[in-house]
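Participant: output the structure for:
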Amino acid sequence: MAAVATLLCGSAVAGQQRFRRRAAPSFNASGAHVSYAAHLVRRGQLRPALFPAPSFGDLSLPAPTSGRLLRTPASASSSDSAGQANPDGFLQRNPALVTGFFFFMWYFLNVIFNILNKKIFDYFPYPYFVSVTHLSVGVLYCLISWSTGLLKRAPINSTILKLLLPVAVCHAIGHVTSTVSFAAVSVSFAHTIKALEPFFNAAASQFILGQQVPFTLWLSLAPVVIGVSIASLTELSFNWTGFINAMISNISFTYRSIYSKKAMTDMDSTNLYAYISIIALIVCIPPAIIIEGPQLVQHGFKDAIAKVGLTKLVSNIFLAGLFYHLYNQVATNTLQRVAPLTHAVGNVLKRVFVIGFSIIVFGNRITTQTGIGTCIAISGVALYSVIKAKIEEEKKYFSYFDGT
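Facilitator: This is a model prediction of the structure:
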């Protein structure tokens, strides 16, 4: 785990210096087309990587005007031919291997988190308190990374704090309601409901931000809505608490995306996520104390300790929080390494893995209609993600020529 944390922090520090963007085709001295391999490298990205759910708008923060070009293979070879030593190590010489590792860790950490988190609710059914522990462990992780120098802490001022506050509040509400949903219904059904998040993002972009959503995107969302509706009608674990909280989570994350666009800062995404986690933790503590505090003091902790013991209770809650923070950070690092389309498809496959493994581990019984509805919904999300990513790449491609 220490080696994984070191690699993640190293990647996060490297990520502070770059936000890769697909550039226009490069040309040689004679004007002939060479390739699309060049990428503009710019600092300053709030997410989408921090919040990997697919959405319509560009959730990244506007990048500063300053930027530098990554060294292309051609320039690298010319540099080496000039007699300069190549400092790249094994990881730099094998980027595909590193990217594959990040995808594996993203899926692995996410699956483990969902399974472990659901098992905790079997003997400790207090989702508000569990949400607080998730954020607390993440904040502790960031504080240790800052204090040990694994991650350089970026300074924060009142201006940045005001920009991050609404983002963090929406993040807190979305995380708490997601946890309540996972506690109330099966993991597979909760993820099926959360597949509706792209629909809410598209609606917000169209009717709140005034951004025109292409008709093809709306068409791709139809199977998502239909699939979730079919799955909900015959879901054996269905209850309104889980369904409503999952829907509130979708809405909260949609507004988080909207506020993210307004939070203009050149702080790196890893430090931004750390500060957002700190603010979100402060927001989550009061409702947890008010709603679940009396029950926890009277019998909550006693009952859980009697069932599994103090050591298992504390260790499982801590590990769930650690896995929650790490899988979000790995998602951030993964997006920095791949194109938006690759990440979007990977995010859909991640949801498939989580649903599949949760059914196997917990032995959840699902009806044929629920299975069909889930497959239709996930297929719709996949179609939406592919179309959206291609539209965004086209926008970036043509915006390059508009600015030249």
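Participant: and the longest helix along the chain, how far out from the chain's middle?
Facilitator: Secondary structure assigned by DSSP state H gives helix 368-402 as the longest helix of the chain. Distance of helix 368-402 from its chain centroid, counting by Cα atoms, centre = their mean, to the nearest Å, is 16 Å.
Participant: tell me the helices and strands packed up against it.
Facilitator: Applying 3 or more Cβ pairs under 8 Å, 6 or more residues apart in numbering; DSSP states H and E, we find helix 368-402 packed against strand 20-22, helix 187-194, helix 197-207, helix 215-234, helix 340-362. C-beta coordinates here come from the backbone N, C-alpha and C atoms, glycine included.
Participant: can you list the buried residues in that helix?
Facilitator: 370-371, 373-389, 392, 396 (16 or more other Cβ atoms under 10 Å).
Participant: with stretch 147-162 instead?
Facilitator: Of the residues in stretch 147-162, those buried by neighbour count under the rule 16+ other Cβ under 10 Å are 150-151, 154, 156, 160.
Participant: about what we covered before: can you put the helices and strands packed on helix 368-402 in a markdown table and add mean neighbour count?
Facilitator: As requested, the helices and strands packed on helix 368-402 are exported to a markdown table (neighbours: other Cβ atoms under 10 Å):
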| stretch | mean neighbour count |
| --- | --- |
| strand 20-22 | 18 |
| helix 187-194 | 25 |
| helix 197-207 | 21 |
| helix 215-234 | 18 |
| helix 340-362 | 18 |
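Participant: quick check: angle from the strand or helix carrying Val180 to helix 187-194?
Facilitator: Following DSSP states H and E, the helix or strand that holds Val180 is helix 158-184. Angle of helix 158-184 versus helix 187-194, following axes from the mean of the first three to the mean of the last three Cα atoms, to 10 degrees, is 130 degrees.
Participant: who does helix 158-184 touch, helix- and strand-wise?
Facilitator: Secondary-structure packing of helix 158-184 (3+ Cβ pairs under 8 Å, 6+ apart): helix 95-123, helix 127-148, helix 187-194, helix 240-262, helix 269-295.
Participant: with distance to Val224 added, can I get the ones you listed in a markdown table?
Facilitator: Formatted as a markdown table, these follow (distance: least, Cβ to Cβ, whole Å):
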| stretch | distance to Val224 |
| --- | --- |
| helix 95-123 | 20 |
| helix 127-148 | 25 |
| helix 187-194 | 10 |
| helix 240-262 | 11 |
| helix 269-295 | 27 |
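Participant: comparing those, which stretch has the densest surroundings?
Facilitator: The highest mean neighbour count among the helices and strands packed on helix 158-184, using mean count of other Cβ atoms under 10 Å, belongs to helix 187-194: a mean of 25.
Participant: reformat the buried residues of stretch 147-162 into TSV and put distance to Asn117, secondary structure and pLDDT next to each item.
Facilitator: Formatted as TSV, the buried residues of stretch 147-162 follow (distance: Cβ to Cβ, whole Å; DSSP: H, G, I helix; E, B strand; the rest coil; pLDDT from 0 to 100):
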residue	distance to Asn117	secondary structure	pLDDT
Leu150	26	coil	89
Leu151	25	coil	87
Ala154	30	coil	91
Ile156	30	coil	90
Ile160	31	helix	89
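Participant: got CSV for those, with distance to Leu236 too?
Facilitator: Shown next, in CSV, are the buried residues of stretch 147-162 (distance: Cβ to Cβ, whole Å):
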residue, distance to Leu236
Leu150, 45
Leu151, 44
Ala154, 47
Ile156, 47
Ile160, 47
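Participant: and which of those is nearest to Ala274?
Facilitator: Set against Ala274, the nearest of those by Cβ to Cβ is Leu151 (7.8 Å).
Participant: would you confirm that that closest one contacts Asn271?
Facilitator: Yes: the criterion here is Cβ atoms under 8 Å, and Leu151 meets it with Asn271 at 7.4 Å.
Participant: for Ile372, give me its contacts.
Facilitator: Residues near Ile372 by Cβ atoms under 8 Å, 6 or more residues apart in numbering: 227, 230-231.
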